[in-house]
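K.L.:
sequence isn't available, so here's the structure alone:
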């Protein structure tokens, strides 16, 4: 089983996006007592995450891409990131060649219409354009 996730998310505070990026880096704190109290929930939600292949923080926007194998479940990943402080998330999911775009907000997942996937495919071959398109879906 192969799972590819390309996601964009937005937080209410830039410091939250920065902390999420730290938790997903090789410099992530190992113990909860190394983390300010306001980030304990974020730490708990992300302490077992694999590092993404690509990550970028721009202001309150968070962008990442994972290529995972094994038993990874995109639902668990998106809901954990939502719990960790990404208020809204839009993600492209490719699970064993089955593609979809999912929006995550308020602890719920909603699959977006197939038309969104067609529009994303027009931006294919340009990671930057793909992420720009996903960011545009956050505004809807």
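P.N.:
Good, I have the coordinates. The structure presented is a predicted model; accordingly, all values stated were derived computationally and were not measured. Numbering: from 1, shown residues only.

K.L.:
any regions of the protein where pLDDT drops low?
P.N.:
Judged by pLDDT under 70, the chain has its weakly predicted residues at 70-71, 124, 140.

K.L.:
any chance you could map the strands in it?
P.N.:
According to DSSP state E, the chain carries its strands in the segments 2-10, 54-58, 61-69, 88-95, 98-105, 108-111.

K.L.:
can you list the buried residues in the fourth one?
P.N.:
When you say that, I think you mean strand 88-95. Judged by neighbour count (16 or more other Cβ atoms under 10 Å), strand 88-95 contains these buried residues: 88, 89, 90, 91, 92, 93, 95. Heads up, the C-betas are built off the backbone N, CA and C, glycines and all.

K.L.:
which of the residues you listed lies closest to residue 122?
P.N.:
For the buried residues of strand 88-95, the closest approach to residue 122 (Cβ to Cβ) belongs to residue 92, at 13.0 Å.

K.L.:
using JSON lines, lay out the strands of the chain together with distance to residue 43.
P.N.:
JSON lines is the format used below for the strands of the chain (distance: least, Cβ to Cβ, whole Å):
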{"stretch": "strand 2-10", "distance to residue 43": "17"}
{"stretch": "strand 54-58", "distance to residue 43": "17"}
{"stretch": "strand 61-69", "distance to residue 43": "16"}
{"stretch": "strand 88-95", "distance to residue 43": "19"}
{"stretch": "strand 98-105", "distance to residue 43": "20"}
{"stretch": "strand 108-111", "distance to residue 43": "23"}
